[in-house]
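Peer 1: here is a sequence with its predicted model. Questions after.
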Number of protein chains: 2
Amino acid sequence: MLNEMMVGMGKKRSTIREIFEYARVRKAEIGAENVFDFSLGNPNVPAPAAVNDTIRELLAAHDDIYLHGYTSAQGDANTRRAIADNLNSRFGTEFGPDDLYMTCGAAASLKISITALYEPGDEFLTFTPFFPEYRVFTESAGASFKAVETDPATFQIDFDRLREALSEKTKGIIVNSPNNPSGVVFPEEAVVKLAALLEEKSAEYGHPIFLIADEPYRELVYDAKTKVPYLTEYYDNTLVCYSYSKSLSMPGERLGYILVSPKAKDAGDIYAAVCGAGRALGYVCAPSLMQHVIEKCTGMVADLSVYKTNRDLLYNSLTEYGYTCVYPDGAFYLFMKALEEDAEAFCEKAKKHELLLVPADSFGTPGYVRIAYCVTTEQIRKSLPAFKALAAEYA
Amino acid sequence: MLNEMMVGMGKKRSTIREIFEYARVRKAEIGAENVFDFSLGNPNVPAPAAVNDTIRELLAAHDDIYLHGYTSAQGDANTRRAIADNLNSRFGTEFGPDDLYMTCGAAASLKISITALYEPGDEFLTFTPFFPEYRVFTESAGASFKAVETDPATFQIDFDRLREALSEKTKGIIVNSPNNPSGVVFPEEAVVKLAALLEEKSAEYGHPIFLIADEPYRELVYDAKTKVPYLTEYYDNTLVCYSYSKSLSMPGERLGYILVSPKAKDAGDIYAAVCGAGRALGYVCAPSLMQHVIEKCTGMVADLSVYKTNRDLLYNSLTEYGYTCVYPDGAFYLFMKALEEDAEAFCEKAKKHELLLVPADSFGTPGYVRIAYCVTTEQIRKSLPAFKALAAEYA
């Protein structure tokens, strides 16, 4: 009677959502300050002051038709121009406004991109660990989905496994760097190697394999030496899916874009397919007032210094206690090996210490947990004895 | 190589979009005030002052996490509570916040509803004339789409034709009253008859046929005597798709909701399927700041009095000049018979008088044109001699 896939997706709470509900109850029982909740990737820093200032200025300066009226389906032309200019100044690219399509955030960007590219029989790949919604967006579009295992020590691309996973069916690869949940960044040499392999395989199969860069964490890197290569400069058949959720700390506003590299084969057709997919999926335009805000704020970044402080404190403390952690170059997640094989059992034991961690099974990496450190530094400091006590249980 | 359906949807400009582009060029040539552009259903009245006042108050009173952070996927609970309370006070219903799912506007509401209900082989119906995107949303979801012809004199439901069109395959009927493009409202007796027929056919087929009420124009009715029946009170298996685009005159902000009638069969599963479809389609939550605005403004309506003035002036003048028009009880469209069989040819002749009208072929009603009167009354007044001259060409 109903679409059972959709009923299932609506009913099956994600693991993160279940922990969220547990946290709500537990915080009510013993006080929020006594629960060390590392479950949610929800930015806890304010937006740059310019965001709200710009809203106030826009309200004072413009009429309602400009503020709240439809923009074109691709998005306001001035907003797209400002974004292209900003990207060009940072990455030496030569994008124009007509390479950009404004969206309701990275989830919409990904869904629209996959739908635009999809033909029956297609498969999309990604690397472990991966954001579980990739599977949802891909499979609900009709395509199959496969996660390629990375090097278990570094979570960097294992090119032998990737070569094995590629096939005639491969339409695209979702690349997420900095990565949720591991914080890992793919360095330039990996990107160069990836591009070369995809060129080779595209030629062999006689059709392009697309890179879909999911980049909500691009600006969240903490060391000057960490470079996040801009993929269009290494591989032509690239779509970049961006979101302002993390960089401007406004995840509820649902603002992002798709950039179709003008160097992609048949870029004009890809852009048209993106417009068509947006239309078919019910996206009329991205929210107008916030598009105008982005015109003014696209180059800005919220004060992310707390994330670096948190990362250093947490990484140094936990490795000192004997935990094995992947050093996160970016994002706001620490990826830690559970102290027993079953990460869910480990997370249950952590709960006894009021530590709420996310087992990484649904990210395609059993035996690990994700620790979202987008919390106050004080909360991390208070949680350290609990991590120490948890480790002692396994000593 | 790409999804050709999406390339096609992206490339094939809608008729309205083509006229929009023509208008842009023509206005640059002879001055905007000399082009009588009736092509776009874009509200030209400001939002209620309370909308921008509420934004300013929210910015002053709340932190950024509240203003711009994620809400739950269903939408902010207080916003949903406010909407349910408002509906209950107006329609004597007993909705709760958990019957509501906040969306990015009516297009998203429709796409999510169709996706939630869709099973392979399903067909969705609507009545002529109809908003062309219904076909896009339905066919891109995999379902088939059929428009049932209405009574050509009144554009009211032709129940013989409807009975003939219904089949085992019918999953739902999209009802749009007040109607875009005709302005027609379905009166209570039609709704009662429709409900009875669907009860009969649902029983015969052994599965429910859903009503999907597309209601962006609900508040745009101009005579106290015109009642727009609230469909959940006549038929249990109803989903209401609402948008604030027209009532609050903020179409660019993309704010609306789906109401799943709690009286529907398996309402809980339908609601879950709506949540699942929203998730699968990439809708994480509706824009947060505007959700908080809706909490305060859901009962308000922009000053729509200009639309009534426009309707009366235009309807009275055009019928006086000899045109045949459907009397519009609501929305901001006048549906007029072209003065020759080929509405496109008629619109081309109208262009010579600088009148931009939309031929209604893509609305499933050849031989008619849509006149969007959401313009200033002054513009209508200035256009009347052109309409008169156009009629004289056919005299």
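Peer 2: That came in fine, so what should we check first? Predicted, not measured: the structure shown is a model, and the values here were computed from it.
Peer 1: can you give me the strands in chain A?
Peer 2: With DSSP state E as the criterion, chain A has strands at A:36-37, A:100-103, A:123-127, A:144-148, A:170-175, A:210-214, A:238-243, A:256-260, A:325-326, A:333-337, A:355-356, A:358-359, A:368-372.
Peer 1: possible to save those strands as TSV with mean pLDDT and distance to A:Leu220?
Peer 2: Glycine gets a C-beta too; all of them are placed from N, C-alpha and C. Listed next are the strands of chain A as TSV, based on pLDDT from 0 to 100; distance: least, Cβ to Cβ, whole Å:
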stretch	mean pLDDT	distance to A:Leu220
strand A:36-37	94	20
strand A:100-103	98	20
strand A:123-127	98	19
strand A:144-148	98	23
strand A:170-175	98	16
strand A:210-214	98	13
strand A:238-243	98	12
strand A:256-260	98	15
strand A:325-326	93	15
strand A:333-337	95	10
strand A:355-356	96	22
strand A:358-359	94	18
strand A:368-372	96	12
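Peer 1: wait, which of those strands is closest to B:Arg381?
Peer 2: Among these, strand A:100-103 comes nearest to B:Arg381, with 37.0 Å by Cβ to Cβ.
Peer 1: any idea which residue is closest to the centre of chain A?
Peer 2: A:Pro216 (4.7 Å; Cα atoms, centre = their mean).
Peer 1: contact partners for it?
Peer 2: A:Ala106, A:Asn180, A:Tyr242, A:Ser243, A:Ser245, A:Lys246, A:Ser247, A:Gly256 (Cβ atoms under 8 Å, 6 or more residues apart in numbering or on different chains).
Peer 1: quick check: closest non-adjacent residue to it.
Peer 2: Closest residue to A:Pro216 apart from its sequence neighbours, by Cβ to Cβ, 6 or more residues apart in numbering or on different chains: A:Ser243 at 4.2 Å.
Peer 1: which residues does that neighbour bridge with?
Peer 2: Counting by DSSP bridges, A:Ser243 is bridged to A:Gly256.
Peer 1: gap between it and A:Arg370?
Peer 2: As defined by Cβ to Cβ, to the nearest Å, A:Ser243 lies at a distance of 19 Å from A:Arg370.
Peer 1: is stretch A:303-311 up against chain B anywhere?
Peer 2: No: Stretch A:303-311 is not in contact with chain B by Cβ under 8 Å from any Cβ of the partner chain; minimum separation 11.4 Å.
Peer 1: try stretch A:275-295
Peer 2: Yes: remark: stretch A:275-295 sits within contact range of chain B at A:275-277, A:279-291, by Cβ under 8 Å from any Cβ.
Peer 1: kindly report the same for stretch A:73-84.
Peer 2: No: on the criterion Cβ under 8 Å from any Cβ, stretch A:73-84 is out of touch with chain B, staying 8.7 Å away.
Peer 1: among the residues of stretch A:275-295 next to chain B, name the ones in helices.
Peer 2: A:Cys275, A:Gly276, A:Ala277, A:Arg279, A:Ala280, A:Ser288, A:Leu289, A:Met290, A:Gln291 (DSSP state H).
Peer 1: looking at those residues, which is nearest A:Gly364?
Peer 2: A:Ala277 (25.8 Å).
Peer 1: who's in contact with the closest one?
Peer 2: Taking Cβ under 8 Å, 6+ apart as the definition, contacts of A:Ala277 comprise A:Ile112, A:Ser113, A:Thr115, A:Ala116, B:Asn3, B:Met6, B:Met9, B:Gly10.
Peer 1: mind running it again at 7 Å?
Peer 2: Counting by Cβ atoms under 7 Å, 6 or more residues apart in numbering or on different chains, A:Ala277 touches A:Ile112, A:Thr115, A:Ala116, B:Asn3, B:Met6.
Peer 1: quick check, pLDDT for it.
Peer 2: Each residue has a pLDDT score; the one for A:Ala277 is 97.
Peer 1: and A:Ala360, how many neighbours does it have?
Peer 2: Residues near A:Ala360, counting by other Cβ atoms under 10 Å in any protein chain shown, number 27.
Peer 1: nearest spatial neighbour of it, skipping sequence neighbours?
Peer 2: Counting by Cβ to Cβ, 6+ apart, the residue nearest A:Ala360 is A:Tyr368, at 4.0 Å.
Peer 1: count of neighbours near that neighbour?
Peer 2: For A:Tyr368, the neighbour count with other Cβ under 10 Å is 27.
Peer 1: ok, now A:Asp303?
Peer 2: Around A:Asp303 sit 12 other residues, with neighbours defined as other Cβ under 10 Å.
Peer 1: residues in contact with it?
Peer 2: Contacts of A:Asp303 (Cβ under 7 Å, 6+ apart): A:Val45.
Peer 1: residue ranges with poor pLDDT in chain A?
Peer 2: Within chain A, the stretches with pLDDT under 70 are A:13.
Peer 1: what sits closest to A:Ser72 if chain neighbours are left out?
Peer 2: A:Cys285 (6.9 Å).
Peer 1: which residues touch A:Asn52?
Peer 2: If you count contacts by Cβ under 7 Å, 6+ apart, A:Asn52 has them with B:Leu59.
Peer 1: surely A:Met250 and B:Tyr66 touch.
Peer 2: No: in this structure, A:Met250 is not within contact of B:Tyr66 by Cβ atoms under 7 Å, at 11.6 Å.
Peer 1: of the two, which one has the most company?
Peer 2: Ranked by neighbour count (other Cβ under 10 Å), A:Met250 and B:Tyr66 place A:Met250 first, with 33 against 15.
Peer 1: if I look at the more buried one, how far off is A:Val301?
Peer 2: On the measure of Cβ to Cβ, A:Met250 and A:Val301 end up 12 Å apart.
Peer 1: one more: A:Phe363?
Peer 2: Counting by Cβ to Cβ - A:Phe363 and A:Val301 are separated by 26 Å.
Peer 1: between the two, who's got more neighbours?
Peer 2: Between A:Phe363 and A:Val301, A:Phe363 has the larger neighbour count (other Cβ under 10 Å), namely 24 against 15.
Peer 1: mind listing what the nearest residue to the more buried one once chain neighbours are set aside touches?
Peer 2: Leaving aside its sequence neighbours, A:Phe363 sits nearest to A:Pro129 (Cβ to Cβ, 6+ apart; 3.9 Å). By Cβ under 7 Å, 6+ apart, the contact set of A:Pro129 is A:Phe155, A:Pro181, A:Ser182, A:Phe335, A:Ala360, A:Phe363, A:Gly364, A:Thr365.
Peer 1: which of those residues has the most neighbours?
Peer 2: Result: A:Ser182 is most packed of the contacts of A:Pro129 (other Cβ under 10 Å), 33 neighbours.
Peer 1: enumerate the residues of the stretch 1-150 of chain A near chain B.
Peer 2: With Cβ under 7 Å from any Cβ of the partner chain as the criterion, the stretch 1-150 of chain A meets chain B at residues A:1-3, A:6-11, A:42, A:44, A:46-47, A:52, A:55-56, A:59, A:63-65, A:68-71, A:104-105, A:107-108, A:110-112, A:115-119, A:136-137, A:140.
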